[in-house]
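Visitor: Compute the structure for the input listed below.
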Amino acid sequence: MDAARTAPAGESLRDEPVDPEIVASDLVYSGRVWDVRSDTVRYGDGEIVRQYVDHPGASAIVAVDDEQRVLLIQQYRHPIRHRDWEIPAGLLDVSGESPLQTAQRELVEEADLTAADWQPLLDVFTTPGGNDEVVHVFLARDLSPVGSAHAREDEEADIRVEWIPLQDAVTGVLEGRLRNGILAVAVLAAAEAIRRAAGAAGG
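Guide: I've put the predicted structure just below:
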């Protein structure tokens, strides 16, 4: 067996970037929000063809208040035919806007909130077998309401907002009641980050 595969992973285990030769890349479908591409890639001893969604990426926000409650929003998502619970998030679709600036804008637009404390939490590939989307997740603290509600339309017109204890959100994920992938990884990461910070502060 390959020694590299049997060595302890520990802190050294990480995703590895690969830059294979792309023999051809064709635009299959041009969409309003994202496109579909078909790439022919030289890989191993031959070539493979893969279709995927060419995604601009997104930012998402775990907003936690002073009572250790997390902000969840519920809206209709047509592909899954559910009004699922999510965290505020939005596309990286404004030219020149950083992921943090997108997160700050989306928190205002989806939750009518601003935050004085922003911490990068993690970056996540949402569906690596089907799209190239990367979501940048931020932990937002020291929250304040904005002066007026943001105008919303389409799926956001009847958005529902709930504040629940962060640990209740973790339980909802583990019990399978909250199945949105970004919400799941974000609240689990936020709970662990807050736990570690409390432990460090306590000595």
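
Visitor: Might you list the low-confidence residue ranges for this protein?
Guide: Along the chain, the parts satisfying pLDDT under 70 run over 1-9, 148-157, 203.

Visitor: all helices in it, in order from the N-terminus.
Guide: Here the chain has its helices, by DSSP state H, at 3-6, 99-111, 166-174, 181-201.

Visitor: Now do the longest one: everything it contacts.
Guide: When contacts are defined by C-beta atoms under 8 Å, 6 or more residues apart in numbering, helix 181-201 is touched by residues 60, 62, 64, 68, 70, 72, 85-87, 89, 119, 121-122, 124, 126, 135, 137, 139, 166-167, 169-170, 173, 178. In short, each C-beta sits where N, CA and C put it, glycine included.

Visitor: hey, which of the helices of the chain is tucked in deepest?
Guide: Ranked by average neighbour count under the criterion mean count of other C-beta atoms under 10 Å, those are headed by helix 99-111 at a mean of 20.

Visitor: Tell me, how many residues neighbour the nearest residue to residue 116 once chain neighbours are set aside?
Guide: Beyond its immediate neighbours in the sequence, the residue positioned closest to residue 116 (C-beta to C-beta, 6 or more residues apart in numbering) is residue 142, lying 3.9 Å away. By the criterion of other C-beta atoms under 10 Å, residue 142 has 12 neighbours.

Visitor: Please apply the same query to the one 3 residues further on.
Guide: Residues near residue 145, counting by other C-beta under 10 Å, number 11.

Visitor: Also residue 144?
Guide: Applying the criterion other C-beta under 10 Å, we find 8 residues in the vicinity of residue 144.

Visitor: Excluding sequence neighbours, find me the nearest residue to it.
Guide: For residue 144, the nearest residue in space outside its immediate sequence neighbours is residue 114; the separation is 5.3 Å by C-beta to C-beta, 6+ apart.
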